[in-house]
Structure formats: structure tokens, C-alpha cells
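**Q** Fold the following for me, if possible:
(one chain, ligands or ions: 1)
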Amino acid sequence: MKLAASAVATTSRVATLTLALVTALATAGAAQAATELTRVRVLATGGTIAGAQASATDYGYKSGAYDVNTLINAVPNLGKLAQISGEQVANIGSQDMNDEVWLKLAKRLNAVLASADTDAVLITHGTDTLEETSYFLSLVTKSDKPVVMVGSMRPATATSADGPGNIYNGVAVAASPQAKGRGTLVALNDEFHYARNVVKTDTTSVQTFRSLNRGPAGVVHTGKVQWFQPMDRKLGIASEFAVDGLDKLPRVDIIYAHANMSPDLIDSAVSNGAKGLVIAGVGDGNMTSAALDAVTKAAKAGVVVVRSTRLPMGLTLRNNEVDDDKLGLVASGELNPPKSRVLLQLALTKTTDVKRIQAMFYEY
Ligand code: ASP
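**A** Presented below is the predicted three-dimensional model:
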């Protein structure tokens, strides 16, 4: 009996040890699997993606009503794609985006990317100024790690809200090995775009972000990523621009051209302290003779003037219809007015030399 009892005790000790060993191995396996997942840090800034309506059928809503954890937790199976953690950098509608938040966001982004425990960053943002913030970040990010921005056209409380799907696909793009070194990408509605190329084209439709001149960088369906094309312009580490030590950006105003355009807004911008002007020109960056005289006068006074176009597609060409060499102006090439404004703000942190700034418009 004694023998049998000790045999039972030994057997149960072995069983306990075996169980402990199996549990330890399983825990180690799970930990390893967890660490193999890309570690994505979510920086939230507000927008419709974090917006709430009074009821699911209400048209109106308040942007930036939910915090980062609520956004992350609303996405089914996100934890299977990546290890997610989040923080709130701002909580505003992106129509209120400004230089101060840009600098804060860019500095935080660089700090997070420099940390060894982050592999990639996802930024949630309103869609109104997403094309500007993303281009700004792509020019001042000092890391090759993937950065993907997402927004949504419908608030979080809407029937068929597009935010959770955009976050899921955005994380998939951020975790994609080819996303390294591509600068900031913008992922919405099953497509993703280079920040430099993407524009918002529709006031309310979920299919609003397009790269009109070049097409999307790729597509992403239910987390499956397919790349279409590389980016040939300078960005990220290769860029000469940086936010370190900057606490403000030079004032650059955009002035919209139209039939019968007067010089008044140009003169007013200059007398109010603008260091740079972007003209959203008609056609190939044109404006009335009166406006052209006003920008020539501004350029002579040291204000850098960039001619862009109010048209959605095409390039604004140097010395084509306007003699930029003679008048001392810059042609924006592919960049639309808001993106030209971003590049000019950063360019003016380096130089006011028109030739150098024109070269930047060819390079970035
Ligand atoms: N007005 C909102 C914003 O830009 C629109 C959106 O997010 O879709 O914050």
C-alpha cells in the first residue's frame, strides 16, 4: 500500500511538472508569437474617425469625440495583425489643424519612431487637411519605419462607419515589410497613397482620396496589401527639412485666382506679414495682369511666390505661359496649392533664394 501510495505521489509530481513545463512552453510560444507581430503605435489626433452623432442617422456630428483606445477597441481582430498601443496627441477636427499641432505631432512621431519598442506608426486624423499633414510629416520624419495615416468619412457612430476598416487596413499597410522607407502613406477605402500625391476629391463620399496625377501606391483588401509603384521624390531621411528646434513655421498664404481677380488680397497678405504666397492659379498657374503685377512686386520685396493651379490635375510649368525667370517666381510642378504651401513653409526655414526653392519643388 505504502509503495503504491508513493508511486501515486511520484506520478502526480511528474504530472505537475509536465503540466508546468507544457504551460511554460506554451507561454513562451505565445510571447514569441506576440513579439513577432509588428509593434504599431497609434497616434490619434481627432477627426470624423473619432466623431460621434446624436443618433446613427444624423447627418451632423462632432469630430474628435472618442479617444484613441475607443478607436482601437472598435476594430475586430486588430490584435492578430499587430501589437497595438496608442496615445492621444490632439483631438480636433482637422479643419482646425495648425502649425503648432503639426510641430507637436512631428516631434512626437520622430520620438516614437526612434524608440526600439516601436516598428511602425499609425496616425488617425480628420480628412479635411489629411493631404497637408501627411505631406508635412513625410518631409520631416527622420526614420525609415512605416508611417500610415488613416481617417474616415463617416463618424464612428454611423451605420456602415468606414473608420474601423480603414484602421484595420492602415495597420496592415504599416505592418507590410515594403512600407519601410516610403514616407508617410495615407490609407482609406481599400487604397493607400503616397502623401505627396494624395488629395481629397469628394466632400462626403468614402471614395474621396485619390492620387490624381499618378494613381495609388497600392491597394489593401481586408488586410492584404498589394503595392503598385515606388516613389521617386525625396522624403524622410533624405529630406533636408527638420522640425528639431522649430517652434513656429513661416506664414504662407494661398490666394485663389478667378476671373476679374484684383491685386488686393495679394497686397493684404504681404502687408499682414506673409513670407510666402501660393497662387491657386487658373489653368497653368495663371492670374490677371493686375494680380501678376502684384506678385511680381511682392517677389521683388523678398516674398517668395509660388504659382500653382486651382485645377485638380496636371502640372504647373515653369516659364510656359508666365516668364518665371523674369518675374522671379516659382512654379509648383505637380504640387497643388495646399501641398505647395507645406513645401514653401519648410523651404523658407532654410532659404529665401528663389532658385533653390524652385529646385526643391522639382526634388520633393
Ligand atoms: N471635418 C472633419 C475633419 O477633417 C472631416 C473628416 O474627418 O472626415 O476633421
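**Q** what about the helices in the stretch 51-200 of the chain?
**A** Taking DSSP state H, counting those that start in this stretch as the criterion, the stretch 51-200 of the chain contains helices spanning 68-73, 78-81, 99-114, 130-140, 163-174.
**Q** Which residues belonging to the last one are considered buried?
**A** It refers to helix 163-174. Gly163, Pro164, Gly165, Asn166, Ile167, Tyr168, Asn169, Gly170, Val171, Ala172, Val173, Ala174 (16 or more other C-beta atoms under 10 Å). To be clear about C-beta, it is placed using only N, CA and C from the backbone, and glycine gets the same treatment.
**Q** what does this protein have sitting close to the ligand?
**A** Gly47, Thr48, Ser63, Gly93, Ser94, Gln95, Gly126, Thr127, Asp128, Gly151, Met153 (C-beta under 6 Å from any ligand atom).
**Q** what do you get if the cut-off is 5 Å, keeping everything else the same?
**A** Contact residues, the chain versus the ligand (C-beta under 5 Å from any ligand atom): Gly47, Thr48, Ser63, Gly93, Ser94, Gly126, Thr127, Asp128.
**Q** For the fifth one, grab the count of nearby residues.
**A** For Ser94, the tally of surrounding residues (other C-beta atoms under 10 Å) stands at 24.
**Q** so where's the longest strand in the chain?
**A** Ordering each strand of the chain by length in residues (DSSP state E) puts strand 82-92 first.
**Q** ok and the residue in the protein nearest the ligand?
**A** Residue nearest to the ligand within the chain: Gly126 (2.0 Å; C-beta to the nearest ligand atom).
**Q** Now do stretch 321-336: distance from first to last residue.
**A** 18 Å (C-alpha to C-alpha, to the nearest Å).
**Q** Tell me if Ala280 really is in a strand.
**A** Yes - counting by DSSP: H, G, I helix; E, B strand; the rest coil, Ala280 falls inside a strand.
**Q** On the strand side of things, show who it bridges to.
**A** Using DSSP bridges, the bridge partners assigned to Ala280 are Tyr256, Ser308.
**Q** try Val220
**A** Taking DSSP bridges as the rule, Val220 bridges to Val225.
**Q** For the stretch 201-350 of the chain, just list every one of the helices.
**A** Counting by DSSP H, counting those that start in this stretch, one finds helices in the stretch 201-350 of the chain at the ranges 264-271, 289-300, 324-327, 337-347.
**Q** Can you say which of those helices is packed in most?
**A** Most buried of the helices of the stretch 201-350 of the chain by mean neighbour count (mean count of other C-beta atoms under 10 Å) is helix 337-347; its value is a mean of 25.
**Q** Downstream of that one, the next helix or strand is which one?
**A** Note on helix 337-347: by DSSP states H and E, the next helix or strand toward the C-terminus is helix 354-363.
**Q** Next, the contact list for the residue lying closest to Phe136 once chain neighbours are set aside, please.
**A** Counting by C-beta to C-beta, 6 or more residues apart in numbering, Val342 is the residue found nearest to Phe136 once chain neighbours are left out, at 4.9 Å. Residues in contact with Val342 (C-beta atoms under 8 Å, 6 or more residues apart in numbering) are Glu132, Tyr135, Phe136, Leu139.
**Q** what about the third one, how many neighbours?
**A** Right, the one you point to is Phe136. 28.
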